[in-house]
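Enquirer: please work out how this folds:
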Amino acid sequence: MNAEIIANGDEIISGEILDTNSQWLSRQLEDLGIAVQYHTAVGDELPAMVEVLQVAMNRVDLVVWTGGLGPTADDLTRQAFADAVGVPLVEDAESLRHIETVFRQRGSAIPAHFRAQAFQPQGAIPVRNPNGTAPGIDLTMKRASLFPGVPIPEDRLDFVRLLAYPGVPAEMIEMWNESGRQTMLTMLDSLRGEKRIIKHRSIHSFGIGESQVENMLLGLTERGRVPRVGITATQGTITLRIIAEAETEARCGELMEPTATLIYETLGNLIFGEGEDTLPDVVCRIAKAQGRTIAAVEAGTRGLLAEALGSSAEAATCFLGGVVVPPRVPIAPDRMIEIGRKMFDADYLLLIGAYPEGKPERTRSDETFTAVVNAKDSHLQSSLLQMRNFPFTNHPGIIDDLYVKRVLDLFRLYFRSRDAVNG
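Expert: Below is the predicted model:
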């Protein structure tokens, strides 16, 4: 089964807002084994909306649409769906009752224009919206009725499934998690003629680039491999996602384990966690396990290291805070350590030095240091547990994130190596 995701809204095609819905939905569909072949964006013009929807229905089996389900005059998705498949809009009594209940709880009567949200293309199933007034749309159409006389390609199903969700990300995600995922699983089970479970496992690494990871794991991300493995790079973090499907969760785990073992054996210390783990989470867990506290002293990153550590769910157990020194004034590590000791009674300090001055075009000789410091040791040399200079040559859009992650990873690797030595 293949799919197309369509994002609707003038604010998207104008660049006013970023289309994060399509990105999120692609991940969900991939997890289910549904291949997303197209992303499309369309503005709030009914003819254009109908056209892109009809094109999508002709080339994929599943269309997932977000946006345009509100109560205003430019919310035209309901009409676009009806026009694209050639059916009228009809009022759904249950949807209307839900909208009335929402406004009653708010202490007001339903405004007249909100009644439009209760209309659905004839034959559609409304998708419940627990915390909003706009229900989604779930509509299945036979290809023969959509394209009479047109032969069905061998790689297409004899039907097209259309799903529409509100454009508000929080509502869309909640609706997908409540019913969308299960709807897709039920459909896939029906197509296979058996019930299948799909599970995924994400393994995160840091320290080398995406192409280097792929070269180390030759063949692992090739199409058609079982279990499937996807690779993504986000601000220097490389994630390998193993996706398996089987009759039980236990069997999925069994199918994934040899691949996970291979990844761990190949990448070794580059791996820092799985699932929802982030480097700040890992660092805070290490400090918490040791019964120790940490603080940040940073220059070039201007407080982003402290922000990253403070965002960890376990920050309250170990993170004391951060201080920013002038970001482009060269400052020696000993001076930063002195500032950190005066500001915080922490066991460890994480340091990021100043960024190089000069032109945007830099060479590998331009460097910024990172360091992990034992703040309780008064001697400079012995207190510097780890120190490393990194070339200041990366893209400006990710340089800050890289330096934050570099010093966090330095902390992680120090304790990993120490634990290895201690057995």
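Enquirer: domain map for the protein?
Expert: 2-192, 197-274, 279-422 (automatic domain parsing).
Enquirer: a markdown table for those domains, including mean neighbour count?
Expert: Every C-beta, even on glycine, is put in place using the N, C-alpha and C of the backbone. Listed next are the domains of the chain as a markdown table, based on neighbours: other CB atoms under 10 Å:
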| stretch | mean neighbour count |
| --- | --- |
| domain 2-192 | 17 |
| domain 197-274 | 16 |
| domain 279-422 | 18 |
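Enquirer: would you turn those into CSV with mean pLDDT?
Expert: What follows is the domains of the chain, written out as CSV (pLDDT from 0 to 100):
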stretch, mean pLDDT
domain 2-192, 93
domain 197-274, 93
domain 279-422, 90
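Enquirer: contact partners of the lengthiest helix in the chain?
Expert: Longest helix in the chain, counting residues (DSSP state H): helix 399-422. By CB atoms under 8 Å, 6 or more residues apart in numbering, the list of residues contacting helix 399-422 from outside reads 206-207, 235-237, 269, 272, 279-280, 282-283, 286, 290, 294, 300-302, 304-305, 308-309, 348, 350-352, 355, 368, 370-372, 385-386, 388, 390, 392, 394.
Enquirer: which ones among those residues lie within strands?
Expert: 206, 237, 272, 294, 348, 350-352, 368, 370-372, 385-386, 388, 390 (DSSP state E).
Enquirer: got the angle between the longest helix of the chain and strand 348-352?
Expert: For helix 399-422 and strand 348-352, the angle between their directions (axes from the mean of the first three to the mean of the last three CA atoms, to 10 degrees) works out to 140 degrees.
Enquirer: got the angle between helix 399-422 and strand 384-391?
Expert: Here helix 399-422 runs at 140 degrees with respect to strand 384-391, directions being taken by the same axes, to 10 degrees.
Enquirer: what's the spacing between helix 399-422 and its chain's center?
Expert: 24 Å (CA atoms, centre = their mean, to the nearest Å).
Enquirer: please name the residues that touch residue 78.
Expert: For residue 78, counting by CB under 8 Å, 6+ apart, the contacting residues are 68, 69, 89, 116, 119, 120, 121, 137.
Enquirer: actually, residue 131.
Expert: By CB under 8 Å, 6+ apart, the contact list for residue 131 reads 170, 171, 174.
Enquirer: quick check: the second one is in a helix.
Expert: The one in question is residue 171. Yes. Counting by DSSP: H, G, I helix; E, B strand; the rest coil, residue 171 is located in a helix.
Enquirer: gap between residue 211 and residue 136?
Expert: Plainly put, residue 211 is 39 Å away from residue 136 if you go by CB to CB, to the nearest Å.
Enquirer: how close does residue 110 sit to residue 77?
Expert: Using CB to CB, residue 110 is found at 20 Å from residue 77.
Enquirer: okay if I get the contacts of residue 131 as CSV plus distance to residue 262?
Expert: Converted to CSV, the contacts of residue 131 look like this (distance: CB to CB, whole Å):
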residue, distance to residue 262
170, 38
171, 40
174, 36
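Enquirer: could you pull out the strands for the stretch 51-200 of the chain?
Expert: Chain-ordered strands for the stretch 51-200 of the chain, with DSSP state E, counting those that start in this stretch as the definition, fall at 62-66, 89-91, 119-121, 125-127, 136-142, 159-165, 197-206.
Enquirer: ok, which of those comes nearest residue 21?
Expert: Closest of those to residue 21 is strand 62-66, at 4.4 Å (criterion: CB to CB).
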